[in-house]
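Participant: Show me how the following folds:
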Amino acid sequence: MADNYLEKRFNEVFGTKKTVKKIGQTLDSLFEKTVKIQQVSNNLTVSEDVLNKIIAVNQKIISLNGGNKLFFKPVSGENAFIIVSAGKTDETTLINLGISLQSMLLKTVEIGFYGKIISDLDKETLLREYTLSGVPVAVLSVFRH
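Facilitator: Coordinates of the predicted model:
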């Protein structure tokens, strides 16, 4: 009888349940939002301010502040996207490109939009239609559903 009393009293005082505090969105939930396949509505436009907020994430990435520069060209409208170009495409630049694109994609989802990274692109057309600093290496498409 004494053992049960002590056990019950211990549970009352110290409890056996652990509480887990949730903070914001987890990385897993951001990935789930990103990979959902839905039809894109063309009547929802993305402003240049939103694209600039997405690009601003790159200022916080330390590895991008070195000599290997990436350049960003926002194009707003119904088919909004960010053209990422590079002065040279060596191994370090490509690593920085991956970090940059992933960071911008996470920021895109965080502010309520969807995005897609496109790396198979027509470089000559992009160079002809847009004023770019360097060679285009990827495009981040930004849209709403």
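
Participant: In this structure, what helix or strand scores lowest on average pLDDT?
Facilitator: Lowest on mean pLDDT, DSSP states H and E among the helices and strands of the chain sits helix 27-35, with a mean of 72.

Participant: How about residues contacting the following helix or strand past that one?
Facilitator: Next helix or strand after helix 27-35 toward the C-terminus (DSSP states H and E): helix 48-55. With Cβ atoms under 8 Å, 6 or more residues apart in numbering as the test, helix 48-55 has contacts from 72, 74-76, 80, 82, 104, 107-108, 111, 113, 140, 142. Every residue, glycine included, has its C-beta placed from N, CA and C.

Participant: Dump the C-alpha coordinates for helix 48-55 into PDB.
Facilitator: Provided in PDB are the C-alpha atoms of helix 48-55 (Å, rounded to 0.1, in the frame of the first residue of the first chain):
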ATOM      1  CA  GLU A  48       8.000  42.300 -57.900                       C
ATOM      2  CA  ASP A  49       8.000  43.200 -54.200                       C
ATOM      3  CA  VAL A  50       7.400  39.500 -53.400                       C
ATOM      4  CA  LEU A  51      10.100  38.400 -55.700                       C
ATOM      5  CA  ASN A  52      12.500  40.900 -54.100                       C
ATOM      6  CA  LYS A  53      11.700  39.500 -50.700                       C
ATOM      7  CA  ILE A  54      12.500  36.000 -52.000                       C
ATOM      8  CA  ILE A  55      15.800  37.200 -53.500                       C
END
